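Undergrad: what's the 3D shape of this:
(one chain, ligands or ions: 2)
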Amino acid sequence: MKRSPRQLRQLERSQLSRRGFVAFSGLFSSMVLTSQHVNADLAVNLNVNPFTLGVASGDPDHRGFVLWTRLAPEPLEPSGGMPIQNVEVHWEVATDEQMKSVVASGTHVARPALGHSVHVELTNLKPDRWYWYRFRCGDAESTIGRARTMPHPDSQPEKVRFGVTSCQNYEQGLYTAYEQMAKDELDLVFHLGDYIYEYAAGRNGKVRTHHGQEIMTLDDYRSRYAQYRSDPLLQNMHAQCPWILTWDDHEFDNNCAGEISEQKDVDPVDFMVRRANAYQAYYEMMPLRIAQMPTGSDMRLYRSAQFGQLANFMVLDTRQYRSDQPNNDKKSPLNEAAWDKKQSMLGREQRGWLSSQMIQSQANWNVLAQQVMMGTVNRSGDNENPQFSMDQWPGYLYERKQMVEFMRDRKIANPVVLTGDIHTNWVNELRVDDRNEGEATVATEFVATSLTSGGNGTLKPKRLDAVLANNPCVKYHNAERGYIRCEVTPKQWKSDYMTVDEVTKPGGKTFERASFVVESGAAKVHNA
Ligand code: FE
Ligand code: CA
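TA: Ligands and ions are numbered 1, 2, ... in the order given. Next up is the predicted model:
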């Protein structure tokens, strides 16, 4: 929802921290605050690069995409080390990487109320082509980023290539895999959540250490995002191509469900204030459209993206609207509580939206880009003592069943589910009842492991043989770190499981561990 200038000013005033005011009042109190003055003053007084967080693009359509940056000369400081002042930022878009043929340019006012973030929505570009962009503030120039528009919605593209990533705990590993991803010639990146972790410094700090305590305030969330985005490999990957992002729990609080905290003694009002902080910092830090700007503790993140008639990506939010995990969020059998009809992962509005998206889609591949595993997998591998995750779709079985039945009965073309969260790789064939091997497969699920969370992984997870033997839906499982690289044509979907052998030290090697194919028209998955 759009905020009025008055609302923005109010928000700004409410965020004038005493500390920020004292630090900068001397600098700015006597100035006439035209943009030139502010910029000139910034350039002189800060004498540092305000573009420490790099550049990014996201949420492309066939007419444009979002350009993003955030001014933060001191990324870990409150307000990124910026004065509490509006600052003008110039942007330009060119058709060449030397930025010689500029086809669009303009000025954006970066406001303290939004952490001096810059979100520019381009709407007049040509479909299906690459562009380059950069920002300027005073004398400072950002690095040059690369972005692309989607093909026209009526066109029949020959292929799309994209990466699928999630779960990048900063303390547990280096972002080495993004070095390989940057060479993969991708059109898009999907990030499926746990972009940051909210924990206090040192909780998982083996490789490097979070800044500060468990994050609660807006400044806390801002500086945590800034710390993550200061990583040069992550920053570089954002500059390579547009990203389409959704969150999971750790962007806010571990295993949160709707308005319910994991810790049951948290004051519900405090919890919603914290969520408002988390959502605002997320919006500020990501290349999102104005339609995603939060209103207090609400933020509409589910949305779709179309790559011509080749693929329709439906990006879900399985955190904000879900009902509480059943069985006290403990691993459980598929009991009555897990089957409760009142359980919902998506909430009614998102369910309705998803159904109409699927029905109206003309696309060859209908892709759900979401967070938690949909495969009904008994993680113990022991049918006598079954253990299903209640934080994932097995805790919301009735809704899951209805959704897969819907895909089957409405003959939704080639449904594919992309998933993160679980810190391990999986390939699952989805049925209305995954436990019943006799049923037809309706969709394929590719679950991407974590990029770093969990530290160095293993090729052979615990109980691998038992899990494979007792879960007919599971076609592959591996516990290394990495991401998935997909290449999709009208005839075939191919997912390469890219894994990295070392995340706790520099110099890890990333390679293709396994590769799976789905032919258009057949939900069965097989080795490439
Ligand atoms: Fe995670
Ligand atoms: Ca998670």
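Undergrad: got the residues of this protein near ligand 2?
TA: Proximity of the chain to ligand 2, by CB under 5 Å from the ion, involves residues D194, D248, D249, D421. Where you see a C-beta, it was placed from the backbone N, CA and C, and this is true even at glycine.
Undergrad: am I right that V315 is in contact with W243?
TA: No - V315 is not in contact with W243 according to CB atoms under 8 Å; the separation is 11.2 Å.
Undergrad: could I get the residues of the chain next to ligand 2 as JSON lines with neighbour count?
TA: JSON lines is the format used below for those (neighbours: other CB atoms under 10 Å):
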{"residue": "D194", "neighbour count": "26"}
{"residue": "D248", "neighbour count": "25"}
{"residue": "D249", "neighbour count": "21"}
{"residue": "D421", "neighbour count": "25"}
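Undergrad: okay if I get those as CSV plus distance to V500?
TA: As requested, the residues of the chain next to ligand 2 are arranged in CSV below (distance: CB to CB, whole Å):
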residue, distance to V500
D194, 17
D248, 21
D249, 24
D421, 19
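Undergrad: which one of those is nearest to ligand 1?
TA: D194 (3.5 Å; CB to the ion).
Undergrad: what about that closest one, which SS state?
TA: Recorded secondary structure, D194: coil (DSSP: H, G, I helix; E, B strand; the rest coil).
Undergrad: which stretches of the stretch 401-528 of the chain form helices?
TA: 464-470 (DSSP state H, counting those that start in this stretch).
Undergrad: common neighbours of V315 and W243, please.
TA: F190 (CB atoms under 8 Å, 6 or more residues apart in numbering).
Undergrad: pick out whichever of those two has more residues nearby.
TA: Using other CB atoms under 10 Å, the more surrounded residue of V315 and W243 is W243, with 28 against 20.
Undergrad: who does the more buried one bridge with?
TA: G58, V189 (DSSP bridges).
Undergrad: is it in contact with M285, as I believe?
TA: No - using CB under 8 Å, W243 is not in contact with M285; the gap is 11.5 Å.
Undergrad: OK, contacts around the residue in the stretch 51-200 of the chain that ligand 2 sits nearest to?
TA: Closest contact between the stretch 51-200 of the chain and ligand 2, by CB to the ion, is at D194 (4.8 Å). Applying CB under 8 Å, 6+ apart, we find D194 in contact with 166-169, 247-251, 420-421, 450, 453.
Undergrad: can you narrow these to ones near ligand 1?
TA: Counting by CB under 5 Å from the ion, C167, S453 from the contacts of D194 sit close to ligand 1.
Undergrad: show the model's pLDDT score for S323.
TA: S323 is assigned a predicted lDDT (pLDDT) of 96.
Undergrad: what sits against it?
TA: Here S323 is in contact with A257, G258, K342, Q343, S344, Y396 (CB under 8 Å, 6+ apart).
Undergrad: what number of residues lie near the third one?
TA: The local packing of K342 (other CB under 10 Å) involves 8 other residues.
Undergrad: buried subset of the contacts of D194?
TA: Buried members of the contacts of D194, scored by 16 or more other CB atoms under 10 Å, are 166-169, 247-251, 420-421, 450, 453.
Undergrad: which one of these is nearest to ligand 1?
TA: Ligand 1 has its nearest neighbour among these in C167, at 3.5 Å by CB to the ion.
Undergrad: please verify my assumption that the closest one contacts T424.
TA: No - counting by CB under 8 Å, C167 stays clear of T424, with 10.1 Å between them.
Undergrad: shared neighbours, the two?
TA: With CB under 8 Å, 6+ apart, C167 and T424 have common neighbours T449, S450.
Undergrad: for the residue nearest the centre of the chain, what are its contacts?
TA: Central residue of the chain (CA atoms, centre = their mean): L245, 2.9 Å from the mean position. The contact partners of L245, by CB under 8 Å, 6+ apart, come to G58, F190, H191, Y195, M286, P287, L288.
Undergrad: I figured the first one hits P242, correct?
TA: Going back to what we said before, that points to G58. Yes - G58 is within contact range of P242, at 5.1 Å (criterion: CB under 8 Å).
Undergrad: return every residue with contacts to both of these two.
TA: With CB under 8 Å, 6+ apart, G58 and P242 have common neighbours F65, V66, P287.
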